[in-house]
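[1] Dropping the sequence and predicted coords here.
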Amino acid sequence: MDNNLHIYNTLSKTKERFEPIMPPHVGMYVCGPTVYGDAHLGHARPAITFDIVFRYLKYLGYKVRYVRNITDVGHLENDADEGEDKIGKKARLEELEPMEVVKYFTDRYHINMDQLNVLHPSIEPTASGHIIEQIELVKQILDNGYAYESEGSVYFDVEKYSKDYKYGKLSGRKTEDLLKNTRALSGQDEKKNNFDFALWKKTDPKHIMHWPSPWSEGYPGWHLECSAMGAKYLGETFDIHGGGMDLLFPHHESEIAQSNACRGHDPVRYWMHNNMITINGQKMGKSLNNFITLNEFFSGEHSSLDQAYSPMTIRFFILQAHYRSTVDFSNEALKAAEKGMQKLINTVEVIKKLNASEKSSTDISSLKEKFFAAMNDDFNTPIAIAHLFDFSKVINQVNDGKETLSQVDIDRVKSLFDIFVFDILGLRNENVATGGDDTLVDDLMHTILEIRHNAKKNKDWATADSIRDELGKLNISIKDTKDGAEWSRE
RNA sequence: GGUACCGUGGCCGAGUGGCUAGGCAGUGGUCUGCAAAACCAUGUACAGCGGUUCGACUCCGCUCGGUACCUCCA
């Protein structure tokens, strides 16, 4: 696989040429959602970021196994006793089963991802389905002496580990600093050092999901699932591990530590981290209660939203910023993205109708090269999109008769736009109402436009405009072009 | 407090030691019955103060402002 792809590796803090361990295969693991709430903009960012990575690697010819987990263990707490009726014992069926919550939100997450045109990962394992593997990991770490048992729980011994390995190499943290600065948490007295993290936690009454283990009835530590499932499906060392920057510490740092403690080497070659999305300059998060769910964006039903924004607008908005930059949400920015994307989609439609000339008056050969150069530079989608806009202009000029393209060039540019816009960037034309999926509607529209056309011929502007206005109320827009009227759904 | 990162024109957002980013909005024009779309033209941007340099928005230092992580979080 010959490529010039460079990826920014958080571990080395530099862009490195991408060389898979076992070409043409690539293993990629991305931290997925914790399914106890609806997905919000913050979930869309990593999903779309790594969807681009997945799509692009596949386009380059790699056989990618993309693993994205579902976290369904460890964070689910029973808050039913905060409800109004905590006196009477509820019937078994009236209590929400944890797995019911998991199923409900997993389904909703999947629907949102499909709406965003995010490809399904190759494997989507759940933490609860890999308890045995996680227990095995804890055993090995204990055997190797990098963990200790305390009151039925097992903790990772960071101090011991630091004598043989470097804890903090991913996040740039030093154990001395951690010692001074880690905040006090409940249950710290069980640990040797307060920065030691749990590998196995004995059940406390709040946790409703628990499993038997050699140490206690309990549940696995926060960082274990990714170590266990990554190794199981991608091998002890794999190519790419992705996630949000907020997971860098302690989550990914601890994954590295667990892998070394267990197997004596790092688990991952390239660590990739997407940046956060902010709202009014502040990160969105559960604790800040300032997040807008994807469903709210799609429906427009939220006090901060001026209007509804389609899934593709959200996708395009995210792709217009580099994945390692923060991106600030605002209605104005989203509206700009909406119009910009429409322009690009229009171009794809325009290309289909271009008239070929004998010769091309302009050179379109650099499009491919420029687009790939941008993508190869650490997936620089904003630059890639800027190039598409440049060529969009050329195509419109051809359409206006100001430039010409030969049939060969038209075919070439059409095929490139299809690949770039739809296959790699993963956009989708949401306005397509034609295309044979609904011939009745097509026929009806054809008839209506015919009537309007005749009215226009007779200079009966009132009728022509009335048809356009009435259709507009049905969210169908009419455009008069020199080749006749066109219609599209909004 | 510790550790990072960031501060670009009305808005969003790339990038670079000297060469037009791009999108949206605005303004003027072309086209059109009107509208929309499109095209053409149009903006002395890079937080502040010093320093390095022939030359810095880009490198260094300081100041101010902002954000994130250190706790479940994408």
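    Okay, I see it.
[2] what bits of the stretch 101-250 of chain A have low per-residue confidence?
    Flagging of the stretch 101-250 of chain A using pLDDT under 70 yields the residue ranges A:176-189, A:205-207.
[3] one more time with 50
    The stretch 101-250 of chain A contains residues with pLDDT under 50 at A:182-187.
[4] Taking it, what residue is nearest to RNA strand B?
    Proximity of the stretch 101-250 of chain A to RNA strand B (C-beta to the nearest atom of the strand) peaks at residue A:244, 1.8 Å away. C-betas here are computed from N, CA, C, even on glycine.
[5] All the helices of the stretch 51-200 of chain A, in order from the start?
    Using DSSP state H, counting those that start in this stretch, the helices assigned to the stretch 51-200 of chain A run over residues A:98-115, A:131-143, A:158-164, A:175-181.
[6] Contacts only, for the residue of the stretch 101-250 of chain A closest to RNA strand B.
    A:31, A:42, A:45, A:46, A:273, A:274, A:275, A:276 (C-beta atoms under 8 Å, 6 or more residues apart in numbering).
[7] Show me which of these is closest to RNA strand B.
    Using C-beta to the nearest atom of the strand, residue A:42 comes nearest to RNA strand B of the contacts of residue A:244, at 2.4 Å.
[8] for the helices of the stretch 51-200 of chain A, which one ends up most surrounded?
    Of all the helices of the stretch 51-200 of chain A, helix A:131-143 has the most neighbours on average by mean count of other C-beta atoms under 10 Å, namely a mean of 19.
[9] Render the CA-only coordinates of that one in PDB, please.
    Backbone C-alpha positions of helix A:131-143 (Å, rounded to 0.1, in the frame of the first residue of the first chain) are rendered in PDB as follows:
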ATOM      1  CA  ILE A 131     -16.000  -9.300  31.800                       C
ATOM      2  CA  ILE A 132     -14.100 -12.600  31.600                       C
ATOM      3  CA  GLU A 133     -11.400 -11.100  29.500                       C
ATOM      4  CA  GLN A 134     -11.100  -8.100  31.900                       C
ATOM      5  CA  ILE A 135     -10.800 -10.400  34.900                       C
ATOM      6  CA  GLU A 136      -8.000 -12.200  33.100                       C
ATOM      7  CA  LEU A 137      -6.200  -8.900  32.600                       C
ATOM      8  CA  VAL A 138      -6.500  -8.100  36.200                       C
ATOM      9  CA  LYS A 139      -5.000 -11.500  37.100                       C
ATOM     10  CA  GLN A 140      -2.100 -11.100  34.800                       C
ATOM     11  CA  ILE A 141      -1.300  -7.600  36.200                       C
ATOM     12  CA  LEU A 142      -1.500  -9.000  39.700                       C
ATOM     13  CA  ASP A 143       0.800 -11.900  38.800                       C
END
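[10] So which bits of the stretch 201-350 of chain A are right by RNA strand B?
    Selection of the stretch 201-350 of chain A residues close to RNA strand B by C-beta under 7 Å from any atom of the strand yields A:222, A:243-251, A:274, A:276-278, A:281-287, A:291, A:320-322, A:325-328, A:330, A:332-333, A:335-337, A:339-340, A:343, A:346.
[11] buried subset of those?
    A:222, A:243-245, A:247-248, A:250-251, A:274, A:276-278, A:283-284, A:291, A:320-322, A:327, A:337, A:340, A:346 (16 or more other C-beta atoms under 10 Å).
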